[in-house]
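A.B. asks: here is the input, now give the coordinates:
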Amino acid sequence: MNGKTVLITGASSGIGKETAKTLIREGYTVYAAARRIEKMADLKALGCIPLKMDITHTDDIADVVAAIIKKCGGVDVLINNAGFGMYGAIEDTPIDEARYQFEVNLFGLAELTRAILPYMRNKGAGKIVNITSVGGKIYTPLGSWYHATKHALEGWSDCLRLEVSPFGIDVIIVEPGAIGTEFGSVLEGQMMKRSGDTVYANVAQSLVTANKRFYEDGAASHPSVIARTISSALSSGKPKTRYVVGKLSKPLLFLRRWLSDRSFDRLIMSMAR
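C.D. replies: Next up, the predicted model:
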């Protein structure tokens with residue numbers, strides 16, 4: 001046992017669950033937090049401690065942090081993985097729903113991080129892993145609010161890294177590409193609900209077709225590639241600030257860097273056909 005305590009959010013499926021399994025095998029004490037605690041029975045059987053938490057509820061965050069402090073004193077590694085992708089045209093998306101996207105993908109994450117930081121500062125060590133996305137560097141049609149949260153999380157993470165570095169705390173950004181999780185099916189359902197019968201219906205249907213290619217036909221990377229990347233970063237004495245991992249991630253970021261905006265626009269729209 002390596003004696004390190006880890007808290008992973010959004011651990012009921014996908015990247016969060018796969019990362020929890022990997023770190024349990026490596027001897028970490030793993031706390032897994034998610035709304036759907038019943039989905040974490042398999043993790044509990046492996047030795048994980050599941051905790052029910054809605055990242056948008058302040059009381060839930062306080063209860064989880066208090067439970068871990070009581071048992072372990074604090075968290076050595078925080079993996080901010082909870083999040084979802086809300087798709088739909090800007091014109092079709094109520095602002096209240098857009099605010100909720102930010103509550104889940106940014107503000108809840110920030111509140112949890114603030115609650116965890118005092119222990120890490122006092123100890124003079126710690127690692128915070130923020131799961132952003134290549135979507136924090138690029139953009140797609142009908143994904144405005146999702147991309148806005150991920151672009152914001154990229155900048156927020158960079159600022160946090162500068163602030164906590166003097167206290168021996170590393171901030172690590174992981175930018176997944178196309179990963180085989182629930183993301184694709186959730187994206188489709190919400191997008192068609194908002195824009196499937198509006199003037200943006202043709203774009204929405206094209207995105208559904210493209211989405212199936214990446215997420216439902218085996219073209220996406222398995223979540224284990226992210227879990228292995230996180231494990232490697234945690235074991236490094238000097239981890240990189242960013243890890244770009246998964247299908248299409250590096251090619252898309254390369255093209256975004258070197259193509260003009262208009263050229264990249266055409267590329268993205270061609271992929272969405």
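
A.B. asks: in the host helix or strand of residue 266, what's buried?
C.D. replies: Using DSSP states H and E, the element containing residue 266 is helix 261-271. Using 16 or more other Cβ atoms under 10 Å as the test for burial, helix 261-271 gives 264, 268. Any C-beta I mention is one placed from the backbone N, CA and C, and that applies to glycine too.

A.B. asks: so which other helices or strands are in contact with that helix?
C.D. replies: With contacts defined as 3 or more Cβ pairs under 8 Å, 6 or more residues apart in numbering; DSSP states H and E, the packing partners of helix 261-271 are helix 249-258.

A.B. asks: make sure residue 174 is indeed in a helix.
C.D. replies: No. According to DSSP: H, G, I helix; E, B strand; the rest coil, residue 174 belongs to no helix; its state is strand.

A.B. asks: mind listing what the residue lying farthest from the centre of the chain touches?
C.D. replies: The C-alpha centroid of the chain is most remote from residue 199, which lies 30.8 Å away (Cα atoms, centre = their mean). If you count contacts by Cβ atoms under 8 Å, 6 or more residues apart in numbering, residue 199 has none.

A.B. asks: residue contacts, the closest residue to residue 226 other than its chain neighbours?
C.D. replies: Among residues not flanking residue 226 along the chain, residue 15 sits closest, at 4.8 Å (Cβ to Cβ, 6 or more residues apart in numbering). By Cβ under 8 Å, 6+ apart, the contact list for residue 15 reads 81, 131, 176, 179, 181, 223, 226, 227.

A.B. asks: 6 Å instead?
C.D. replies: 81, 223, 226 (Cβ atoms under 6 Å, 6 or more residues apart in numbering).

A.B. asks: got the contact list for residue 254?
C.D. replies: Residue 254 touches nothing, counting by Cβ under 6 Å, 6+ apart.

A.B. asks: also residue 266?
C.D. replies: Residue 266 touches nothing, counting by Cβ under 6 Å, 6+ apart.

A.B. asks: residue 122 too?
C.D. replies: Per Cβ under 6 Å, 6+ apart, neighbours of residue 122: none.

A.B. asks: all strands for this structure, in order.
C.D. replies: Using DSSP state E, the strands found in the chain span residues 5-9, 29-34, 49-52, 77-80, 126-131, 169-176, 242-245.

A.B. asks: can you tell me the average pLDDT over stretch 178-191?
C.D. replies: Taken as a whole, stretch 178-191 has a mean pLDDT of 77.

A.B. asks: repeat that for stretch 21-34.
C.D. replies: 96.

A.B. asks: all good on my end, thank you.
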